[in-house]
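In: here's a sequence, model it:
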Amino acid sequence: MPYEVHQVSVCFAGAGAGEGEFTWGQREWWKEMLQDEGWWPLGGVVRVPPGRSLGDLVEETRWRLCRFPALRTRVKMGADGRPRQRVSPSGVFEIDVAEVGDEDALVVATRLAAQYTDTAFDHENDWPMRMAVVCRNGQPTHVVVLVSHLVIDAAGIRALVSETEARPEAPPRGQTSLEQAAWQASAAGRRQNAAALRYWGKVLNAVPPSRFHNPHGPLSPGIWHGAYDSYALLPAVQVISERSGFDLPTVFLALFAVAMHRVHGVDPVVVRPVVDNRFRPGLADAVGTAAQHGVCLIEVSGTAFKEVLQRAARSARTAFKYAYVDPWDVDALIQRAEIEREASLDTHCRLNNRFRAGPAPEFSQGPVPPSTFRWTDRNDGSPLKHLTLQIDDIPGGVSLGLHINTAAFAPDDAETLARVMESVAVFEAGGGVDPPDSPKALSGRAEYTP
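Out: As a prediction, the model looks like this:
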């Protein structure tokens, strides 16, 4: 190893200790984390502002561990084999400190982040956070912080960062995971779950049998990951949003539904969007994990895009209301429905809209930077059912991350799906006219590049 690493111990103690059932959000991700044999960390590498010392970062870490029970939460397996959450009142956390010498500090930090992600995780004994401080001549340059998805989601990360910057003296706002689990087990929580399951039952009655099949698959390796970076899609979506009055997530959802219908011929289109559930009482500022998958059913065939937008909005409103549900009960409901109908149901296309809206780029019917598609990885990892589409912002545009199981979804179809979303958006934003330089949905295929 070209750099030296030592550890600094951080002793901490905080309120909110105890043991209880998993929350619905924790149940949502536990099964998938086990299937993936990973811990699905959130976070990454952050540059340290000038003037901050190692002692400052150690003190900040201690403050976080004392204040937020989520960072002191581990798993305890119950006698019945079901996992439970266990929040410790105190403990010792180890920070890795890497002195890089002449090495590139960012390269070292990035390498450590990858090492933390890939290293096996013991949910029962490891603290749910891994952290390193990269230094040159004793001065921190970068921090690596990764936190398990079991205890935090993207909105929880934002709440954590916001509170760390503000350092409020008042107790943390928002329910802890133990408080969430207690509410979910209450009479009010059971009523919410029962109402949500009734909605899911109605949707499942209308869900078509799965039509996803790759006649040339499964390939080996079987799981492919790709990215489509577009500079035409975002300004077009902005125009559609302003013109229609629907927000950006609704426009993206409608475009995804239209593209799924055009590429695979399915109708109605079933989409499982990730819902942050932060509009629920006590969850807006909670440092924890509350995100879950909802379900939308959108009819597309023979419908103008304006009407698809309206249907997507209606479906999303109801889906978001009932995404707050026990996912173990949902899984059991799907299994019963598939047995009763003697068919595999099409419930495995997921949409994770992580786009954070910034200044709107100007829509132009003239030339824009060319869109690019690339296959970034192929492996035999997480057994994805069909397809997951992730929407992320990039400077001046948007990136569509495509994760496919090649037994169900052909790689060419995944690329086409992204191109159709862009093509439809540009067409609709341009008033139903393709500009001369608009991207075409079926242009050349991307080669795989690891």
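In: where do the helices sit along the stretch 101-250 of the chain?
Out: For the stretch 101-250 of the chain, applying DSSP state H, counting those that start in this stretch gives helices covering 105-118, 154-166, 177-184, 187-206, 233-244, 248-264.
In: how about Ser177: what's its closest non-neighbour residue?
Out: By the measure of CB to CB, 6 or more residues apart in numbering, the closest residue to Ser177 outside its immediate chain neighbours is Gly288, 4.8 Å from it. The way it works is simple: take the backbone N, C-alpha and C, and place the C-beta from them, glycine included.
In: and for that neighbour, the neighbour number?
Out: Residue crowding around Gly288 was assessed by other CB atoms under 10 Å; the count is 29.
In: tell me the SS of it?
Out: In terms of secondary structure, Gly288 is coil; the call rests on DSSP: H, G, I helix; E, B strand; the rest coil.
In: now it: how far from Phe320?
Out: Computed as CB to CB, to the nearest Å, the Gly288 to Phe320 distance reads 19 Å.
In: could you list the low-pLDDT ranges of this protein?
Out: 1, 357-366, 382-384, 432-450 (pLDDT under 70).
In: could you list the domains of it?
Out: Dividing the chain into domains by automatic domain parsing, as the record does, gives the ranges 4-152, 188-429.
In: out of those domains, nearest to Leu178?
Out: If you check each of those against Leu178 by CB to CB, domain 4-152 wins as the nearest, at 4.8 Å.
In: quick test: name the residue nearest the centre of this protein.
Out: Centroid-nearest residue in the chain, with CA atoms, centre = their mean: Asn352, separated by 5.4 Å.
In: using the three-state scheme, assign it.
Out: strand.
In: what residues are bridge-paired with it?
Out: The partner list for Asn352 in beta bridges (DSSP bridges) reads Gln390.
In: that one contacts Arg272, doesn't it?
Out: No - here Asn352 does not reach Arg272: they are 9.3 Å apart, not a contact under CB atoms under 8 Å.
In: am I right that Ser315 is in contact with Leu297?
Out: Yes - with contacts defined as CB under 8 Å, Ser315 counts as touching Leu297 at a distance of 6.0 Å.
In: between these two, who's got more neighbours?
Out: It is Ser315, of Ser315 and Leu297, that has more neighbours when counted by other CB under 10 Å, with 25 against 19.
In: now that one. Nearest residue, chain neighbours left out?
Out: In space, Ser315 comes closest to Cys296 once its chain neighbours are excluded; the distance is 4.2 Å by CB to CB, 6+ apart.
In: now swap in Cys66 and tell me
Out: Excluding the flanking residues, the one nearest Cys66 by CB to CB, 6+ apart is Gly14, at 4.1 Å.
In: list the contacts of the helix or strand containing Glu340.
Out: With the criterion set as DSSP states H and E, the secondary-structure element containing Glu340 is helix 327-341. Outside of helix 327-341, the residues within contact range by CB atoms under 8 Å, 6 or more residues apart in numbering are 24, 27-28, 31, 193, 197, 200-201, 204-205, 207, 209, 292-293, 344-345, 347.
In: kindly report the same for stretch 307-316.
Out: With CB under 8 Å, 6+ apart as the criterion, stretch 307-316 contacts 240, 244, 246, 249-251, 253-254, 257-258, 273, 294, 296-300, 303.
In: circling back to that earlier point, ok, which of the helices of the stretch 101-250 of the chain comes nearest Ser90?
Out: Across the helices of the stretch 101-250 of the chain, Ser90 has its closest neighbour in helix 177-184 (16.3 Å, CB to CB).
In: my guess is the residue nearest to Ser315 contacts Leu253, does it?
Out: Yes - in terms of CB under 8 Å, Cys296 counts as a neighbour of Leu253; the distance is 6.9 Å.
In: neighbour count for these two, which is higher?
Out: A side-by-side neighbour count of Cys296 and Leu253, using other CB under 10 Å, places Leu253 first with 28 against 24.
In: apart from its neighbours in sequence, what residue is nearest that one?
Out: Using CB to CB, 6+ apart and skipping the chain neighbours, the partner closest in space to Leu253 is Ala312 (4.6 Å).
In: what's the angle between the one helix or strand the one you found maps to and helix 248-264?
Out: Assigned by DSSP H and E, Ala312 belongs to helix 305-321. With axes from the mean of the first three to the mean of the last three CA atoms, to 10 degrees defining the directions, helix 305-321 sits at 110 degrees from helix 248-264.
In: angles on the backbone of the closest residue to Lys385 other than its chain neighbours, please.
Out: Excluding the flanking residues, the one nearest Lys385 by CB to CB, 6+ apart is His348, at 3.2 Å. Backbone dihedrals for His348, given as degrees, to the nearest 10, come out at phi -120, psi 30.
In: wait, what's in contact with His348?
Out: Contact criterion CB under 8 Å, 6+ apart gives 210, 212, 272, 384-387, 408 as the residues in contact with His348.
In: ditto for Val45
Out: Taking CB under 8 Å, 6+ apart, we find Val45 in contact with 106, 109-110, 113, 142-144.
In: helix/strand/coil for it?
Out: When the structure is split into helix, strand and coil by three-state DSSP, Val45 lands in strand.
In: so it versus Gly16, what's the distance?
Out: With distances defined as CB to CB, the gap from Val45 to Gly16 amounts to 29 Å.
In: sorry, back to before: can I get the domains of the chain in CSV including distance to Ser162?
Out: Compiled in CSV, those are given as follows (distance: least, CB to CB, whole Å):
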stretch, distance to Ser162
domain 4-152, 12
domain 188-429, 8
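In: quick one: which of these is nearest Glu169?
Out: Each of the domains of the chain was scored for nearness to Glu169 using CB to CB, and the closest is domain 4-152 (10.8 Å).
In: contacting residues around stretch 369-382?
Out: For stretch 369-382, contacts defined as CB under 8 Å, 6+ apart pick out 32, 35-38, 219-233, 396-397, 411, 415, 418-419, 422, 439, 446-450.
In: what about burial for those, which qualify?
Out: Among the contacts of stretch 369-382, those buried by neighbour count (16 or more other CB atoms under 10 Å) are 32, 38, 219, 222-233, 397, 411, 415, 418-419, 422, 439, 446.
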